[in-house]
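Q: Below is the structure, and that's it, no one-letter string:
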Ligand SMILES: Nc1ncnc2c1ncn2[C@@H]1O[C@H](COP(=O)(O)OP(=O)(O)OP(=O)(O)O)[C@@H](O)[C@H]1O
């Protein structure tokens with residue numbers, strides 16, 4: 001079993017603090033005529049133990065949302081509160097420390113160090129953070145992702161799916177408050193992708209891990225508890241207990257909305273819940 005944070009340690013929604021909260025977050029890249037508003041007033045609170053997928057058309061702000069939420073980038077205005085810590089005004093050094101302590105990452109391209117073994121890759125973040133390595137926990141997580149027999153192998157000796165399993169083990173081993181996953185199945189074939197998604201889901205169900213996952217894939221999103229939809233830097237809807245079909249249908253609708261001429265597309269005219277909590281758009 002995965003160890004780690006269980007839902008009942010933190011409770012669900014209600015008065016308990018959120019694992020990640022964004023308050024009126026805006027992010028503008030550049031200045032003047034070339035300024036791009038990537039996030040335009042995002043408000044959301046994600047509970048501990050929740051698995052959230054973030055979807056939206058290309059350029060809608062998904063990566064920016066993830067980077068601001070994870071403390072990889074700072075909002076232009078607004079606040080991000082991660083595991084109870086307000087990131088506003090933190091220095092790069094403080095953010096790096098916070099990420100090492102409280103955040104796990106899973107990327108599309110695995111981001112493993114090729115010269116390190118499976119086990120060394122998994123323990124690297126803990127070493128960098130100067131944390132004591134619990135060998136039993138490391139062995140347990142590696143076993144859980146099905147790589148017990150591969151502990152001394154190098155990434156180059158593993159399949160893509162196995163490499164992503166290493167990345168999952170690396171993200172989970174330090175029991176982070178939140179795991180942020182950016183297209184974790186983007187480089188995998190369908191069957192391997194499902195295995196990886198099942199592992200992520202299991203860490204949520206068994207250990208109460210909190211996961212935020214950016215994806216373009218409705219099937220991947222259907223493994224989450226809820227999906228938030230971004231358009232043009234705003235959350236314009238949320239789907240609870242998503243099925244792949246329902247997600248695909250909504251994405252088709254959203255894509256059609258952004259492909260319409262700008263003058264006919266107005267979020268307020270659509271009766272949108274901009275805070276993303278109403279479930280309709
Ligand atoms: N560093 C940057 N400098 C300037 N503009 C940026 C920068 N990063 C992102 N943008 C712009 O911000 C907007 C949102 O980008 P973002 O990458 O967050 O979208 P996305 O939904 O993740 O897109 P995709 O699905 O194509 O990866 C886009 O218009 C993009 O061009």
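A: Received it, and whenever you're ready, just let me know what you need. Bear in mind that the values here come from a model prediction, so they are computed numbers and not experimental data.

Q: contacts, neighbours, all on C-alpha from now
A: Will do.

Q: Identify each buried residue in stretch 201-221, please.
A: By neighbour count with 16 or more other C-alpha atoms under 10 Å, stretch 201-221 contains the buried residues 201, 203-221.

Q: Next: stretch 60-74.
A: 60-71, 73-74.

Q: circling back: so which of the buried residues of stretch 201-221 sit within strands?
A: 211-214 (DSSP state E).

Q: Throw those residues into CSV and include distance to the ligand, thanks.
A: Converted to CSV, these look like this (distance: C-alpha to the nearest ligand atom, whole Å):
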residue, distance to the ligand
211, 17
212, 14
213, 12
214, 8
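
Q: one step back: out of the buried residues of stretch 60-74, which is nearest to residue 240?
A: The shortest gap between residue 240 and any of those belongs to residue 62, at 18.4 Å (C-alpha to C-alpha).

Q: Correct me if wrong: the closest one contacts residue 216.
A: No: in this structure residue 62 lies outside contact range of residue 216 using C-alpha atoms under 8 Å: 9.9 Å.

Q: what residues are shared contacts of the two?
A: Common neighbours of residue 62 and residue 216 (criterion: C-alpha atoms under 8 Å, 6 or more residues apart in numbering): 55-56.

Q: Can I get the ones in strands among the buried residues of stretch 201-221 in TSV including pLDDT?
A: Output for these, formatted as TSV (pLDDT from 0 to 100):
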residue	pLDDT
211	98
212	98
213	97
214	97
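
Q: quick one, strands of the stretch 151-281 of the chain?
A: 178-182, 211-214, 226-231, 234-240 (DSSP state E, counting those that start in this stretch).

Q: Let me have these in a markdown table, extended by distance to residue 162.
A: Below are those laid out as a markdown table (distance: least, C-alpha to C-alpha, whole Å):
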| stretch | distance to residue 162 |
| --- | --- |
| strand 178-182 | 16 |
| strand 211-214 | 19 |
| strand 226-231 | 26 |
| strand 234-240 | 30 |
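
Q: tell me which parts of this protein are close to the ligand?
A: 29, 36, 38, 57-64 (C-alpha under 6 Å from any ligand atom).

Q: Filter these down to just the ones in helices.
A: 62-64 (DSSP state H).

Q: show me where pLDDT drops low in the protein?
A: 1-16, 260-281 (pLDDT under 70).

Q: tilt between the longest helix seen in it and strand 178-182?
A: When the chain is parsed with DSSP H, its longest helix is helix 190-207. Orientation of helix 190-207 against strand 178-182 (axes from the mean of the first three to the mean of the last three C-alpha atoms, to 10 degrees) gives an angle of 170 degrees.
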